[in-house]
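> Provide a 3D model corresponding to the input given below.
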Amino acid sequence: MSRDRRSLIPDGDIGLAGETPERARWVLADLASRVLSKGSGLREAGLQTVRLELPVAPLDPLAWLGEQAGGPKFYWSGREDDAEVAALGAADLHEGEAPEDPAALRKRLAPLLATGDPRVRYYGGLRFDPEQDPSGEWAAFGAFRFQLPRFELGVRQGRATLACNLVLPRDAGRADEVLGEIEGLSFGRAATVPGLPRAVLRDDSPEYPEWRRNIDRSLSAFGERRLDKVVLARRAAFLFDGELDPVLLARDLKKATPGCFHFYVEPEKGAAFVGASPERLFRRSGRSIASEAIAGTRPRGDSEADDDGFRDELLRSDKDLAEHSYVRTSIREALAPLCEELEVEQSTSEMKLTSRRHLVSGVSGTLRPGVSDAELLAALHPTPAVGGYPKEEALAEIRALEAFDRGWYAGPVGWIGADAAEFAVGIRSGLVSGRNLALFSGAGIVSGSIPEEEWAEIEQKIGDFTRVLGLDPGYC
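Numbering: from 1, shown residues only. As a prediction, the model looks like this:
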């Protein structure tokens with residue numbers, strides 16, 4: 001923390017013992033008021049973040065997020081640890097309708113990350129294909145968006161912290177607005193929520209005949225050596241007889257899918273992207289980088305013998321091993337120019353989840369000095385696990401064949417901090433809007449793929465999601 005920044009924080013107030021949630025907002029308002037009054041004398045050229053934190057009594061972050069009237073909203077929990085954060089509002093927001101050059105995005109986020117405070121993070125993500133215009137259902141998300149939250153409720157190892165991020169001197173000029181945001185925070189007990197409304201209609205895009213034609217075309221491209229792999233997706237849209245509560249969906253999904261990244265993105269009320277992804281795009285800590293090649297899938301068995309059989313089948317499948325090899329090769333090609341050292345596991349093991357299993361190989365390395373998270377996003381996304389190989393040829397095939405907008409499905413979702421960052425691939429996900437839920441899932445198509453089997457694999461993945469949400473089996 002710089003000397004100037006430390007001087008803005010009232011002495012002795014940040015380390016208060018855990019506050020009751022009801023009292024926390026008033027303590028936070030008092031702290032913020034004094035910081036904002038001190039910050040009014042700073043020059044506009046010197047934007048800086050001041051973060052106020054209070055320990056509070058334990059709260060459920062997703063339930064708390066659902067209580068709040070304002071927005072935008074974001075939720076994140078990692079795959080390996082028990083830390084989770086609910087983010088509300090925007091002390092700083094960067095969004096756009098067109099793709100952003102890595103250098104430009106880095107320049108946008110750098111000023112407020114330059115404080116070096118590891119707790120300051122921008123949360124957000126990108127569309128799967130920023131080159132395409134969004135459809136109406138994805139319009140609120142844009143091509144990319146990253147928010148420095150106004151408020152964060154974080155929970156780690158059972159301890160909860162409420163934080164408020166202030167950007168000075170900008171926020172000092174709108175102190176009444178900021179204090180009003182603090183006053184508007186809700187800490188009431190979450191009301192008991194009813195179950196999901198009833199699904200009354202399902203619509204699939206594409207339907208099976210078109211799906212078969214799409215795969216036949218891709219198989220022809222493989223034969224002509226224009227393409228080695230392409231991931232084709234399906235969209236299953238459900239209409240319900242009542243409004244859906246996206247936070248409730250996110251909570252149910254999190255409970256049922258341990259060992260995954262969990263995310264919730266709500267840029268404005270009425271549109272929320274929810275998911276439980278098993279797949280890391282990358283994790284950066286300083287100059288250390290970790291990624292992974294994931295491809296190939298089989299279900300879990302109902303018995304130990306069945307489970308072992310599915311495992312052995314996956315590990316010995318020539319088709320799935322070939323699909324996995326393209327992902328591993330592509331990640332190596334993407335990261336090699338950005339790394340001083342790079343190690344890619346040549347062995348293949350299984351990633352075992354509650355309802356699925358996948359082939360996985362680890363990737364680790366040391367980045368060259370100055371490599372930014374924006375450059376990593378541009379280099380790695382989309383991996384062949386969600387796009388194909390070679391990358392540009394696969395994207396062209398997807399644009400030609402898919403009649404729906406993937407939006408943020410299969411795009412990077414995560415956070416960027418001063419000295420660390422982490423992004424998951426936004427799969428196993430759905431878009432909630434009013435009475436509508438659109439689920440997205442894909443299958444890797446390579447030489448030897450059989451349309452019926454790939455259709456069935458996606459149907460199983462969609463069924464995993466709908467069963468978690470308690471949908472009528474007739475619509476699964």
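
> can you show me the helices along the stretch 1-150 of the chain?
For the stretch 1-150 of the chain, helices defined by DSSP state H, counting those that start in this stretch occupy the ranges 3-8, 21-39, 61-67, 102-113.

> distance of the residue nearest to the spatial centre of the chain relative to Leu395?
In the chain, the centroid-proximal residue (Cα atoms, centre = their mean) is Val413; its distance is 2.8 Å. Distance of Val413 to Leu395, given as Cβ to Cβ, to the nearest Å: 19 Å. From N, CA and C alone the C-beta is placed, and that goes for glycine too.

> try Ser218
Going from Ser218 to Leu395 by Cβ to Cβ gives 13 Å.

> can you tell me which of the helices of the stretch 1-150 of the chain is most buried?
Counting by mean count of other Cβ atoms under 10 Å, helix 61-67 has the highest mean neighbour count of those, with a mean of 21.

> and the contacts of that one?
Here helix 61-67 makes contact (Cβ atoms under 8 Å, 6 or more residues apart in numbering) with 73, 75, 84-86, 88, 153-155, 186-188, 190, 245, 247-248, 250-251, 254, 264.

> show the buried residues in those.
73, 75, 84-86, 88, 153-155, 187, 190, 245, 247-248, 250-251, 254, 264 (16 or more other Cβ atoms under 10 Å).

> in strands only, show me those residues.
73, 75, 84-86, 88, 153-155, 264 (DSSP state E).

> hey, C-alpha coordinates of stretch 83-90 in PDB?
Extracted in PDB, the C-alpha atoms of stretch 83-90 (Å, rounded to 0.1, in the frame of the first residue of the first chain):
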ATOM      1  CA  ALA A  83     -13.200 -19.400  -1.300                       C
ATOM      2  CA  GLU A  84     -16.100 -17.700  -2.900                       C
ATOM      3  CA  VAL A  85     -17.000 -14.100  -3.600                       C
ATOM      4  CA  ALA A  86     -20.300 -12.200  -4.500                       C
ATOM      5  CA  ALA A  87     -19.600  -8.900  -6.300                       C
ATOM      6  CA  LEU A  88     -22.200  -6.100  -6.600                       C
ATOM      7  CA  GLY A  89     -22.100  -2.800  -8.400                       C
ATOM      8  CA  ALA A  90     -19.200  -1.200 -10.300                       C
END
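
> show me what it is in contact with.
61-62, 64-65, 68, 70-78, 123, 147-157, 181, 185, 262.

> redo that, cut-off 7 Å
For stretch 83-90, the surrounding residues in contact (Cβ atoms under 7 Å, 6 or more residues apart in numbering) are 61-62, 64-65, 68, 70, 72-77, 123, 147-156, 181.

> and stretch 311-325, by the same measure?
By Cβ under 7 Å, 6+ apart, stretch 311-325 touches 229, 293, 295-296, 298, 348, 350, 357, 359, 444, 446, 448.

> among those, the buried ones, what's the PyMOL command?
Selection of buried members from the contacts of stretch 311-325 for PyMOL, criterion 16+ other Cβ under 10 Å:
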select buried, resi 229+293+295+296+298+348+350+357+359+444+446
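
> show me which of the contacts of stretch 311-325 is closest to Leu380.
The closest of the contacts of stretch 311-325 to Leu380 turns out to be Ala293 (Cβ to Cβ; 11.0 Å).

> before we move on, which element is the closest one in?
Under the criterion of DSSP states H and E, Ala293 resides in strand 288-299.

> output the helix or strand following that strand as CSV, nothing but the C-alphas.
Going down the chain from strand 288-299, the next helix or strand is helix 304-315, by DSSP H and E. The C-alpha trace of helix 304-315 is given here as CSV (Å, rounded to 0.1, in the frame of the first residue of the first chain):
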residue,chain,number,x,y,z
GLU,A,304,-18.1,-49.5,-9.3
ALA,A,305,-17.7,-52.1,-12.1
ASP,A,306,-19.6,-49.9,-14.6
ASP,A,307,-17.6,-46.8,-13.5
ASP,A,308,-14.3,-48.6,-14.0
GLY,A,309,-15.6,-49.8,-17.4
PHE,A,310,-16.3,-46.3,-18.6
ARG,A,311,-12.9,-45.1,-17.3
ASP,A,312,-11.1,-47.8,-19.2
GLU,A,313,-13.1,-47.2,-22.3
LEU,A,314,-12.2,-43.5,-22.3
LEU,A,315,-8.5,-44.0,-21.6
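
> and the following helix or strand past helix 304-315 with strand 288-299, angle?
On the C-terminal side of helix 304-315, the closest following helix or strand by DSSP H and E is helix 318-335. Interaxial angle of helix 318-335 relative to strand 288-299 (axes from the mean of the first three to the mean of the last three Cα atoms, to 10 degrees): 160 degrees.

> so is Gly470 in a helix, a strand, or just coil?
Three-state assignment for Gly470 (DSSP: H, G, I helix; E, B strand; the rest coil): coil.

> leaving out chain neighbours, which residue sits closest to it?
Leaving aside its sequence neighbours, Gly470 sits nearest to Leu196 (Cβ to Cβ, 6 or more residues apart in numbering; 5.7 Å).
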